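Asks: Pasting the sequence and the predicted model now:
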Amino acid sequence: MSYLADGSPENIALAQHVNGRLRAESRIIAARAFLFRALGAGAFAALAGIGIGAAAYGYSYVTQYSSAAERIATALQTALADVTLKTKGEVTLTDNTLKLEGLPKQSAAPVPTKAQLGDDAVPASKAPVNTTFTVFKQVPYLDGQIVSGWNFRAAEDKPFQQYCYFSRRSNEAKGQVEIKIDLAMDGRVLPQPQKSDVNLSILAQNCVWHDGKSL
């Protein structure tokens, strides 16, 4: 209920005052909205700048180490290119055979000569002679040695008989005495004597067989 008459100066002034206050409040609200939008845009721009800066820093960090690795590799390549490796020895090509001189010599397996085989030796009866030869392998054991013998026929690469025994020499009052104990034959241990303190199986583990097998 209004106590003022319509169109009175007081009523007009009140309406103008109310309109002015509403416009002022709307401007305040618009200003606050603009402030919030500005703050949001500024924060977005700041975060975007930070992200771009971090990405640029990371790229420069990786590029720096990559370029450093390339420089190190180049330096090593240059250094190795200037290095000269020297070694002793002489390579001589003689009669289509390549020989290395100045290297340690390897001991060759003994080969019987024609004179040692005695192919021309015959008995007085003129009977035919079959020539065989034996290769011995010695393995030191305690105060003696384990001897393995391989019997070969001429022109054959596989022995037709193999045997193994323990041998030891001792000085007695009457002179030097050789003790010999048979251990195995053709890869098999001989029967163990009943009255013997020597274990043939243990000693036979040091026998050397042509086929490389062990007992």
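Replies: Good, I have the coordinates. Numbering: from 1, shown residues only.
Asks: count of residues packed around residue 14?
Replies: Other residues lying near residue 14 total 13 when counted by other CB atoms under 10 Å. From N, CA and C alone the C-beta is placed, and that goes for glycine too.
Asks: Can you tell me how far residue 202 is from residue 48?
Replies: Applying CB to CB, to the nearest Å, the value for residue 202 to residue 48 is 87 Å.
Asks: for this structure, where's the lowest mean pLDDT among helices and strands?
Replies: When each helix and strand of the chain is scored by mean pLDDT, DSSP states H and E, strand 97-101 comes last, with a mean of 50.
Asks: hang on, residue 17 is in a strand, isn't it?
Replies: No. The assignment for residue 17, made by DSSP: H, G, I helix; E, B strand; the rest coil, is helix rather than a strand.
Asks: pLDDT at it, what is it?
Replies: Confidence per residue is given as pLDDT, and for residue 17 that number is 77.
Asks: Residue 184 in helix, strand or coil?
Replies: Looking at residue 184 with three-state DSSP, the answer is strand.
Asks: pretty sure it is touching residue 200, no?
Replies: Yes. Counting by CB atoms under 8 Å, a contact exists between residue 184 and residue 200, whose distance comes to 7.5 Å.
Asks: between the two, which one's more packed in?
Replies: Between residue 184 and residue 200, counting by other CB under 10 Å, residue 184 is the more crowded of the two (22 against 19).
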